[in-house]
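Peer 1: Quick check, what structure comes out for this input:
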Amino acid sequence: MSLNGIYTIRNFEKWPSWQCVYEWEEDFSSELAVNLINVNQRRYNLLSLYRKIYRATKVLPIKPKQITGRGDLKLVFLMDFYQIINFSCSNVLPVIIDFWGQYLKDFNKLFKHFELIFVTSLEVKEILQKQQNTIRIEYIPLPISRRWKKPLNHNKSIDIIQIGRKNSLLHDYALTLTTEFPDIEYVYQKNIDGQLYYFSTKRGLLGNFHKRDDFMKLLYDSKISLVSSTGADKSRDTGGINPIPARFAESMVNYCYLVGRYPDNLDFNYWRIRDYCPSIGSYEEFKYHVLNSLDEPFNRTKEYDEFLENFYADKVAHNISEVLKKER
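Peer 2: Residues are numbered from 1 along each chain as shown. As a prediction, this is how the structure comes out:
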């Protein structure tokens, strides 16, 4: 197998969550020496309608013409498992970013004609391999772009941050802590009139940070990042699947201490996440780790750097190219 392009929807999809995917596409494009290929918006939107119909009824009223291209394989990142309906299996190498337990019943139907797919969870890889033996399933971790690697910020101004999706238990613990210790600042996302903003327990409304640079600067200025697996404490219905979210690597590349909530599953155990981030079980435990981290200047740059070498997008892209060479 050889790769000669990467499909992208950056020409029309502007939702902030896609910005990190576009970074991966750029880094993969550079490392693999292939071009980014803009998807036709009109056709994509039409296919998206069919995708919604399928999710609701499990039946496509007619078979739409999928997005195809000449030549060898094009890689595509799928934020939504069902986006595969948009693409032809004959020329696409899918990377499924989010795969949840409720998708299992549809996997064989939608992916049965693919020879190879990549998933971003070891737990998902194991589940899919047990369910079928005709499709080769390979694992890659969710990447982080090396562009964000900077020297340690010795003048961090934010004590604690929970960026993006909130874990309700960690959020409650942080609010309790700042009530007990008012000098500690906690920054978190807040929905105001349907819009997402960031709010500080000391400074009030900070504004929205939808641009990737602004988002990452918040982490760069933070001492402690609260992180959790996607399904922890029912933050989201993942059907029992808990991969390592991108927030872990994003926090580590900005040299934040980590305090979190996550299960003892294959993904977290394989990467020995407990060596870098305690998974707390009570407010007293949360308080202990947070206060200790705030009292101690950051001293884990070497450990973080060694860990992140496995997650940088250029390294992940290289690993994909090695898998493709073995497929020839």
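
Peer 1: Report all helices and strands that whichever helix or strand E322 is part of contacts.
Peer 2: Taking DSSP states H and E as the definition, E322 sits inside helix 313-326. The elements that helix 313-326 packs onto, with contact taken as 3 or more C-beta pairs under 8 Å, 6 or more residues apart in numbering; DSSP states H and E, are strand 3-8, helix 19-32. (Each C-beta comes from the backbone N, C-alpha and C, glycine too.)

Peer 1: Show me the contact partners of it.
Peer 2: With C-beta atoms under 8 Å, 6 or more residues apart in numbering as the test, helix 313-326 has contacts from 1-3, 23-24, 27-28, 30-32, 73, 75, 93, 116, 118, 138, 140-141, 143-146, 309.

Peer 1: for that helix, what is the average pLDDT?
Peer 2: In this model, helix 313-326 carries a mean pLDDT of 94.

Peer 1: Strand 3-8 and that helix, what's the angle between them?
Peer 2: In this structure, helix 313-326 runs at an angle of 130 degrees to strand 3-8, with axes from the mean of the first three to the mean of the last three C-alpha atoms, to 10 degrees as the basis.

Peer 1: pLDDT below threshold where in the chain?
Peer 2: When the per-residue scores of the chain are filtered using pLDDT under 70, the ranges that remain are 60-64, 69-71, 327-328.

Peer 1: coming back round to it: redo the helices and strands packed on helix 313-326 as CSV? Include distance to S321.
Peer 2: Formatted as CSV, the helices and strands packed on helix 313-326 follow (distance: least, C-beta to C-beta, whole Å):
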stretch, distance to S321
strand 3-8, 7
helix 19-32, 6
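
Peer 1: tell me, how many neighbours does the closest residue to Q41 other than its chain neighbours end up with?
Peer 2: What sits nearest to Q41 in space, not counting adjacent residues and going by C-beta to C-beta, 6 or more residues apart in numbering, is F12, at 4.2 Å. Applying other C-beta atoms under 10 Å, we find 12 other residues in the vicinity of F12.

Peer 1: Burial-wise, tell me which of the helices and strands packed on helix 313-326 comes out on top.
Peer 2: When the helices and strands packed on helix 313-326 are scored by mean count of other C-beta atoms under 10 Å, the highest mean neighbour count falls to strand 3-8 (a mean of 21).

Peer 1: Just the CA trace of that one, in CSV.
Peer 2: Included here for strand 3-8 are C-alpha records, laid out as CSV according to Å, rounded to 0.1, in the frame of the first residue of the first chain:
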residue,chain,number,x,y,z
LEU,A,3,-0.4,6.8,0.4
ASN,A,4,-0.7,9.8,-2.0
GLY,A,5,-2.9,12.2,-0.2
ILE,A,6,-4.9,13.3,2.8
TYR,A,7,-8.5,14.3,2.6
THR,A,8,-9.4,17.5,4.5
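
Peer 1: And the most centrally placed residue in the chain, how far from N208?
Peer 2: For the chain, the residue lying nearest the average C-alpha position, counting by C-alpha atoms, centre = their mean, turns out to be A246 (3.6 Å). The spacing between A246 and N208, counted by C-beta to C-beta, to the nearest Å, is 19 Å.

Peer 1: what bridges to L3?
Peer 2: L73 (DSSP bridges).

Peer 1: on that earlier part again, and the residue nearest to the centre of the chain, what is it in contact with?
Peer 2: The neighbourhood of A246, defined by C-beta under 8 Å, 6+ apart, consists of C20, L142, I144.
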